[in-house]
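Asker: 3D, please:
(one chain, ligands or ions: 2)
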Amino acid sequence: MERTLVLIKPDGVQRGLVGEILGRFERRGLHLVGLKLLAVDRARAERHYAEHRERPFFEAVIEFISSSPVVAMVWEGPSVTALVRSMMGPTNPAGAAPGTIRGDFGVDIGQNVIHGSDSPGRAEEEIGLFFSSEELVSWERAGTSWIYP
Ligand code: IDP
Ligand code: MG
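Answerer: Ligands and ions are numbered 1, 2, ... in the order given. Modelled structure (predicted):
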């Protein structure tokens, strides 16, 4: 079963949106297997955003993600990476539809509330960057068979 990494970014945590965002994934029927609040240091931030190293916004995104705690989550489900990305909305909240997380809570492309892995392969790498294997819990959630087989 596919897993993906979600971060509620510093703006989402500071604005008290953790419960709201986590609740959306729960209500969608996704399965939570990892959850923690943590401060992201510069080294981890640089590894997480390594693909953007040459981009003009790289320094800003590193400073922002390490400016205040994030909530890191691992969600499991069929096609969960694409499903989470569709719930997040596009990178720039200005073009995000209402009903998406960025479309409901974001205004600025930098302070866009949430991160989600962009492919299942990246998800595996990002999960490894944020969670040890002992921190990921295999468990049965009552009623999952009524959400997917
Ligand atoms: P994503 O978060 O939707 O996957 P990416 O292109 O991977 O978007 O960019 C990573 C993060 O870098 C974005 O979420 C956003 O916070 C920031 N970012 C991306 N493009 C820009 C930009 O043009 N200006 C400022 N920040 C940006
Ligand atoms: Mg990305």
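Asker: measure the closest residue to Leu17 other than its chain neighbours to Ala94 for me?
Answerer: Spatial nearest neighbour of Leu17, chain neighbours left out: Phe105 (6.0 Å); criterion: C-beta to C-beta, 6 or more residues apart in numbering. C-betas here are computed from N, CA, C, even on glycine. Phe105 sits 13 Å away from Ala94, going by C-beta to C-beta, to the nearest Å.
Asker: between the two, which has more neighbouring residues?
Answerer: More neighbours surround Phe105 than the other of Phe105 and Ala94, with 20 against 13 (other C-beta atoms under 10 Å).
Asker: hmm, the more buried one is touching Gly99, no?
Answerer: No. If you go by C-beta atoms under 8 Å, Phe105 and Gly99 don't touch, sitting 11.3 Å apart.
Asker: who touches both of the two?
Answerer: Jointly contacting Phe105 and Gly99 under the rule C-beta atoms under 8 Å, 6 or more residues apart in numbering is no residue at all.
Asker: run through who's touching stretch 37-56.
Answerer: With C-beta under 8 Å, 6+ apart as the test, stretch 37-56 has contacts from 13, 58, 61-62, 65-66, 68-72, 126, 129-130.
Asker: make it 7 Å
Answerer: Outside stretch 37-56, the residues that touch it by C-beta atoms under 7 Å, 6 or more residues apart in numbering are Phe58, Val61, Ile62, Ile65, Ser66, Pro69, Val70, Val71, Ala72, Glu126, Leu129.
Asker: off-centre distance for the helix or strand containing Ile127?
Answerer: Using DSSP states H and E, Ile127 sits within helix 120-130. With C-alpha atoms, centre = their mean, to the nearest Å as the basis, helix 120-130 stands 11 Å off its chain's centre.
Asker: which residues of this protein fall in strands?
Answerer: 3-8, 31-38, 70-76, 114-116 (DSSP state E).
Asker: thanks a lot, catch you later.
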